[in-house]
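J.: Test case, fold it:
(2 chains)
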Amino acid sequence: MMTRADAFVILLATLLVVGSYAWLWTPSTPATQVRVVAGDREIARLPLDQPRQLEVSGPAGITVVEIRDGAARCAASPGSQGICQQAGWLRRAGDMAVSLPNRVIIEVLGDEWAFDSVNY
Amino acid sequence: MTRYQSKMSPGMRFAQALAALSLVLLLGACERPEIHRDRFIAFGTLVELNVYTADRELAARASESVRTDLEYMHRAWHAWEPGPMGRTNELLATGLPFSANPSVLPLILDARRLSEASEGLFNPAMGALFALWGFQSDEPRGPPPDPEQIRTILEQAPSMADIEIDGIRMRSRNPAVRLDLGAYAKGYGIHQAMEHLREMGVENAILNAGGDLRAIGRPGNRPWRIGVRAPDGQGVQAAIETRGDEAIFTSGDYERYYLHEGKRYHHILDPRSGQPARGTHSVTVIHHNAAEADVASTALFIAGPGDWPGIAARLGVDKVMLIDDDGIAHLTPAMEKRVKFEGTPPEIRITPLP
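T.: Presented below is the predicted three-dimensional model:
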């Protein structure tokens, strides 16, 4: 016979499973923050919901980070091939733009990544 | 069949359930192991370290260790800057015997073995060719070199077999030998930096330098999940879950290149023609040794869609994926078991090794 307490335990277990699923399993979440690293140091960690522009100086010049509409991008950078700018708008957690000559990393963060690391 | 009969009252059961729940919540409040991720620039590239641990302080020390190790190795092994490798090149050019620097000797010995196993497709003695194309610079730019200059280097035919090594004494029989261990040193560096982390007590980690990585352990009760980027740069083409201690290396024509008069020239040079190797888009290798994986991905790229299986067998790598110029994925049977394609899979050819 199922008692009330049994029903309560089953309900609780169900909630726990559903809850942990929603909590732990979030594929390719939208990013919420941008982290900017210059050289060896993290110089900024900013929310993506507030528009702003950030100038980062490095050994090759100034890299401009633009934040708008829940995304960030490398708007300008001294590298001659424009690799940093070509990354475009970064909106999914884990996306990043890098300027090697200026030693700047712009990455957007969320709660979970689809992959632990990317091979290329 | 007997049925379990509880003698507990509903009230007691409720209390028990509540106790179990609070225990679960209590355990959750302890410092739980999590993935600590750090990204920084070292070894002339973007480095990413993931450490799965409950010890926040250990993760921070691990980052510092990797950064310092990689920067040190980069300086020691750089072929074109003053340092142990730069000096070794100067001494090799004299043709006279000299005592090898201990920080580069093990690399040269191992690279010589692998160069032979790859039938010379991996030829780190042809550093002059690499420099001639301008790929040693941070931002390579054309134009491509004069064919006459390329022919001169090919005629001089510098190879690892030209280096005589007796204990720590070394000399080159060919003054054109110029070592550039670019296709080996990153793998060896990743291997060494990870060994150091292990000695520090790190058990579960991924060290990724410029897209090539070595993973150890696992983050909790699932494997590490690695995405392999599509050769056209548009997102992730395939997923690989690592097993224990494994390195995953990819050589692609999209990594370093320049455009000249509408033609693309990439950095993976064929020592037989002196030109960028044609026919291959990318080669991905899973192997237990990062330095060998590094060499194999380069050598198999140069071998191309026709000849790669023989070279792979000689190098002892059995998990290979080669994407050719037509976008066809050639996989060894062992690799096919490990790769899951994302989205629309490419045309696949399973190629057993000889």
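J.: any idea how far B:D232 lies from B:V339?
T.: B:D232 is 17 Å from B:V339, where distance means Cβ to Cβ, to the nearest Å. All C-beta spots, glycine's among them, are computed from the backbone N, C-alpha and C.
J.: And the two? Which one has more around it.
T.: The residue with more neighbours, out of B:D232 and B:V339, is B:V339; 20 against 13, by other Cβ atoms under 10 Å in any protein chain shown.
J.: Flag every residue of chain A that's near chain B.
T.: When proximity is defined as Cβ under 8 Å from any Cβ of the partner chain, chain A approaches chain B at A:3-6, A:8-9, A:12, A:37, A:39-40, A:79-81, A:96, A:98, A:100-101, A:103, A:105, A:107, A:114-120.
J.: same thing but at 6 Å, please
T.: Residues of chain A lying near chain B by Cβ under 6 Å from any Cβ of the partner chain: A:3-5, A:9, A:80, A:98, A:103, A:105, A:115-120.
J.: Of the residues you listed, which pair is most distant in space?
T.: With distances taken as Cβ to Cβ, the most widely separated pair in the residues of chain A next to chain B is A:T3 and A:S80, at 74.4 Å.
J.: burial count for the closest residue to B:R169 other than its chain neighbours?
T.: Sequence neighbours aside, B:P97 is the residue nearest to B:R169 in space, at 5.3 Å (criterion: Cβ to Cβ, 6 or more residues apart in numbering or on different chains). The number of residues packed near B:P97 is 13, by other Cβ under 10 Å.
J.: out of the residues of chain A next to chain B, which are inside strands?
T.: Using DSSP state E, A:98, A:105, A:117-119 are the members of these that sit in strands.
J.: Which of these sits closest to B:A54?
T.: Nearest to B:A54 among those, counting by Cβ to Cβ, is A:S117 at 20.4 Å.
J.: All the helices of the stretch 151-300 of chain B, residue numbers only.
T.: Using DSSP state H, counting those that start in this stretch, the helices found in the stretch 151-300 of chain B span residues B:182-200, B:290-315.
J.: Of these, which is nearest chain A?
T.: Evaluated over the helices of the stretch 151-300 of chain B, closeness to chain A peaks at helix B:290-315, with 10.3 Å, by Cβ to the nearest Cβ.
J.: and the closest one, does that touch chain A?
T.: No: on the criterion Cβ under 6 Å from any Cβ, helix B:290-315 is out of touch with chain A, staying 10.3 Å away.
J.: Show me what that helix is packed up against.
T.: helix B:105-117, helix B:182-200, strand B:246-252, strand B:280-287, strand B:319-324 (3 or more Cβ pairs under 6 Å, 6 or more residues apart in numbering or on different chains; DSSP states H and E).
J.: The fourth one pairs with which strands?
T.: Based on DSSP bridges, the strands next to strand B:280-287 in the sheet, each with its direction, are strand B:246-252 (antiparallel), strand B:319-324 (antiparallel).
J.: Redo those as CSV? Include distance to B:L331, mean pLDDT and mean neighbour count.
T.: Below are the strands paired with strand B:280-287 laid out as CSV (distance: least, Cβ to Cβ, whole Å; pLDDT from 0 to 100; neighbours: other Cβ atoms under 10 Å in any protein chain shown):
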stretch, distance to B:L331, mean pLDDT, mean neighbour count
strand B:246-252, 14, 97, 26
strand B:319-324, 5, 98, 25
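J.: Compare those strands and report which one is nearest to A:G58.
T.: With respect to A:G58, and counting by Cβ to Cβ, the nearest of the strands paired with strand B:280-287 is strand B:246-252 at 26.6 Å.
J.: Got the domain ranges for chain B?
T.: B:34-74+B:192-350, B:76-182 (automatic domain parsing).
J.: Which of the ones you listed has the highest mean neighbour count?
T.: With neighbours taken as mean count of other Cβ atoms under 10 Å in any protein chain shown, these reach their highest mean count in domain B:34-74+B:192-350, at a mean of 19.
J.: Just give the nearest non-adjacent residue to the one residue sitting closest to the centre of chain A, would you?
T.: Geometric centre of chain A, nearest residue: A:L109, 1.9 Å, by Cα atoms, centre = their mean. Nearest residue to A:L109 in three dimensions, chain neighbours excluded: A:Q33, at 4.6 Å (Cβ to Cβ, 6+ apart).
J.: which residues touch that neighbour?
T.: The neighbourhood of A:Q33, defined by Cβ atoms under 6 Å, 6 or more residues apart in numbering or on different chains, consists of A:45, A:47, A:109.
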